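1. Here is my input, please return the structure:
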Amino acid sequence: MGRTGLSRQELSRVEVMGRVKARSLRLREAAELLELSYRQAKRIWARYRAGGAKALQHGNCGRVSNRAYPAKYRAAVLKQVKARYEDFGPTLASEHLASDDGMEVHAETLRRWLKEAGLWQRQRRRKPYRQRREAKAHFGELVQLDGSFHEWLEERGPRGCLMHMVDDATRRVAGLVL
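-> Modelled structure (predicted):
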């Protein structure tokens, strides 16, 4: 279940140590590139010389987590969900598994298990809120109008209303102060 490839950090270490091996980079420079102390770079260099790129991989890589549920328990939970809670979402199913069946599984863990087994996939909660209306085809077919009362002329004249008009087809704008 665990990962088996090298992490990004491990790959960069392999690349830098390869340059040290090709003698295009000194170990002190490699330590600076990797942001490590010189002593730590020496340790990594010794591991790389002894075992190559695989030696720089983390020791727990590819192993099952100590916190993982046993495979039998996982199979029993999935069997119970198929039998009784197939039309439930992972959150509700985990609650019912805990209260009715005494099988404690976190909802996110159950969601991951169900997705891996092909028993559940995320569904959209609702349809998109709006759809844009298509613009009218001809000029003048629809003119949108809005008014804004304000002291447009400051104190040089009376309060006025700016009428803002937009033609829907061409997006031409017209404004008129009254």
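2. how near is residue 135 to residue 128?
-> Distance of residue 135 to residue 128, computed by Cβ to Cβ, to the nearest Å: 19 Å. Placement of C-beta: from N, CA and C, glycine included.
3. host element of the most centrally placed residue in the chain?
-> With the centre of the chain defined as its mean C-alpha position, the nearest residue by Cα atoms, centre = their mean is residue 122, 14.3 Å away. Secondary structure assignment for residue 122, by DSSP states H and E: no helix or strand.
4. tell me the pLDDT at it?
-> Looking at residue 122, its pLDDT stands at 80.
5. Repeat that for residue 154.
-> At residue 154, pLDDT is 86.
6. Show the contacting residues for it.
-> For residue 154, no residue meets the contact criterion (Cβ atoms under 8 Å, 6 or more residues apart in numbering).
7. Against residue 93, how distant is residue 121?
-> From residue 121 across to residue 93, the span is 14 Å (Cβ to Cβ).
8. actually residue 152, not the one I wrote
-> The gap separating residue 152 from residue 93 is 62 Å, by Cβ to Cβ.
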